[in-house]
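S.K.: Structure here, sequence nowhere to be found:
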């Protein structure tokens with residue numbers, strides 16, 4: 001791309017044209033020079049376009065797993081997406097990071113070597129705040145984590161890295177293993193400074209907070225399976241046909257997924273002045289009749305009707321009616 005002129009340069013050019021200092025016809029007849037793409041032999045690209053596309057698809061899968069994990073773990077609306085993939089030197093990556101930050105070192109067996117995952121400070125503190133009962137707000141001032149915060153974040157990093165296994169499943173069977181957590185980028189020399197790495201940057205939104213996740217994958221680590229990445233891209237561009245075995249595998253995973261089930265006792269409206277005067281022992285009537293069955297919601301949909309009762313020392317409900325498919329009511 002050509003140089004972008006500043007406003008001062010544009011004004012100077014217009015003045016030169018109006019004063020006759022620059023010949024317009026001469027500008028028109030000037031031969032267009034051939035476009036030349038600069039190639040730096042000191043830092044050649046190691047990954048092909050197909051391999052970059054494959055890494056993009058893999059980390060889109062990772063984002064889906066990440067969104068599911070954070071949504072359930074933080075009980076908040078979470079969005080994540082791949083915003084960039086670039087090839088840079090390891091030194092450039094390290095120098096771009098704040099200090100302190102949150103770095104996870106991990107491996108992908110059977111590949112040899114170490115990879116890095118960085119949580120930006122804004123995302124780190126948003127997660128901590130949410131898990132400690134806050135609204136998921138970050139912090140304006142970067143700082144080191146306390147020991148309690150380190151424990152909280154390290155547990156989440158382990159779970160995040162485990163998502164890598166499923167994200168890569170269609171390409172290669174990898175077993176992720178968390179190695180350690182660091183805060184100073186200078187202490188994480190996983191490859192030589194001039195070695196090429198691929199940097200995958202994800203954007204994560206947790207409620208109103210926005211942060212980044214940077215995944216640094218050295219070329220030397222991925223080199224043994226680069227041919228798999230190229231092949232994966234070719235097959236991923238073709239129409240996929242879901243086999244019965246794949247359907248069964250998906251069904252098994254769904255069957256073990258946990259869902260929230262809520263028996264709705266009823267609701268009531270109350271004046272603010274009455275609310276302020278509530279005391280222990282007061283009775284609040286609900287809109288639900290004792291003769292009517294209680295609706296049971298799975299997620300946002302009513303799926304059953306039930307009668308309340310006791311099961312040993314626990315409150316319980318007995319299913320009296322199943323809401324057939326198509327009869328769901330939004331809760």
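M.R.: Great, that's in hand. Please read these numbers as outputs of a predicted model, since none were measured by experiment.
S.K.: Sketch out the low-pLDDT regions of the protein for me.
M.R.: 1-44, 138-140, 232-243, 253, 325-331 (pLDDT under 70).
S.K.: Can you show me the strands along it?
M.R.: 78-89, 102-109, 115-119, 175-182, 196-206, 209-218, 261-263, 294-298, 301-311, 314-322 (DSSP state E).
S.K.: Specify the angle between the second one and strand 209-218 in degrees.
M.R.: Taking axes from the mean of the first three to the mean of the last three Cα atoms, to 10 degrees, one finds strand 102-109 and strand 209-218 inclined to each other by 40 degrees.
S.K.: Now do strand 102-109: which elements does it pack against?
M.R.: strand 115-119, helix 147-167, strand 175-182 (3 or more Cβ pairs under 8 Å, 6 or more residues apart in numbering; DSSP states H and E). To be clear about C-beta, it is placed using only N, CA and C from the backbone, and glycine gets the same treatment.
S.K.: With mean neighbour count and distance to residue 223 as extra columns, can I get the ones you listed in a markdown table?
M.R.: Converted to a markdown table, the helices and strands packed on strand 102-109 look like this (neighbours: other Cβ atoms under 10 Å; distance: least, Cβ to Cβ, whole Å):
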| stretch | mean neighbour count | distance to residue 223 |
| --- | --- | --- |
| strand 115-119 | 24 | 13 |
| helix 147-167 | 17 | 18 |
| strand 175-182 | 16 | 18 |
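S.K.: Can you give me the neighbour number for the nearest residue to residue 71 once chain neighbours are set aside?
M.R.: Leaving aside its sequence neighbours, residue 71 sits nearest to residue 78 (Cβ to Cβ, 6 or more residues apart in numbering; 4.7 Å). Neighbourhood size, residue 78 [other Cβ atoms under 10 Å]: 21.
S.K.: Show me what residue 78 is bridged to.
M.R.: residue 206 (DSSP bridges).
S.K.: Need the residue closest to the centroid of this protein.
M.R.: residue 80 (3.6 Å; Cα atoms, centre = their mean).
S.K.: Cross-check the contact I'm expecting between that one and residue 205.
M.R.: Yes. Between residue 80 and residue 205 there is a contact under Cβ atoms under 8 Å: 7.4 Å.
S.K.: per-domain residue ranges of this structure.
M.R.: Listed domain ranges for the chain are 49-240, 261-322 (source: automatic domain parsing).
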